[in-house]
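Asker: One predicted model, sequence on top.
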Amino acid sequence: MGSIDKVKLTSGKILKAMRLRFNYTQKDVSNAIGISVSNLSALENDKRNLGVELAAKFSVLYGARIEGLLFPNGLKSMKGYSSLIKKIEKLKDAA
């Protein structure tokens with residue numbers, strides 16, 4: 001496996017990489033999305049959580065899947081995923 005496998009992806013890292021890939025400045029993106037440059041910087045540096053509405057706007061801007069922005073490491077890496085699956089299995093068994 002390559003070294004990228006060891007890097008934990010974050011929404012901020014993805015947003016910054018996408019912006020750079022498209023050769024947009026932070027000002028370009030903040031104007032398009034309707035947020036301040038400081039807010040965009042906080043998102044890109046993972047100092048602020050990406051909400052659904054902003055994720056949708058970034059999804060449209062970059063042509064990216066919204067779930068990839070909200071859950072960059074997949075749903076299985078979400079906190080509490082394993083316990084959620086166990087509870088769902090119990091629900092199904094009880095039905």
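Answerer: All right, it came through fine.

Asker: Do me a favour and average the pLDDT over whichever helix in the chain runs longest.
Answerer: If you go by DSSP state H, the chain has its longest helix at helix 81-94. Here helix 81-94 scores 92 as its mean pLDDT.

Asker: And stretch 22-29, by the same measure?
Answerer: Here the average pLDDT along stretch 22-29 is 98.

Asker: For it, list every residue counted as buried.
Answerer: For stretch 22-29, a neighbour-count test (16 or more other C-beta atoms under 10 Å) marks 24, 26, 29 as buried. Where you see a C-beta, it was placed from the backbone N, CA and C, and this is true even at glycine.

Asker: From residue 12, how far off is the residue nearest the centre of the chain?
Answerer: The centre of the chain sits closest to residue 69, judged by C-alpha atoms, centre = their mean, with a distance of 2.6 Å. Shown here: residue 69 relative to residue 12, a distance of 10 Å by C-beta to C-beta, to the nearest Å.

Asker: Now do the shared contacts for the two.
Answerer: residue 50 (C-beta atoms under 8 Å, 6 or more residues apart in numbering).

Asker: Distance check, residue 81 against residue 92.
Answerer: In terms of C-beta to C-beta, residue 81 sits 17 Å off from residue 92.

Asker: With residue 80 instead?
Answerer: Taken as C-beta to C-beta, the span from residue 80 to residue 92 is 18 Å.

Asker: neighbour count winner among residue 81 and residue 92?
Answerer: residue 81 (12 against 8; other C-beta atoms under 10 Å).

Asker: my guess is that one meets residue 74, correct?
Answerer: No - if you go by C-beta atoms under 8 Å, residue 81 and residue 74 don't touch, sitting 9.2 Å apart.

Asker: Next, the buried residues of the strand or helix carrying residue 56.
Answerer: For residue 56, the host element (DSSP states H and E) is helix 52-62. For helix 52-62, burial by neighbour count (16+ other C-beta under 10 Å) applies to 54, 55, 57, 58, 59, 61, 62.

Asker: any idea which of those residues is closest to residue 86?
Answerer: Of all those, residue 86 sits closest to residue 55, with 27.9 Å by C-beta to C-beta.
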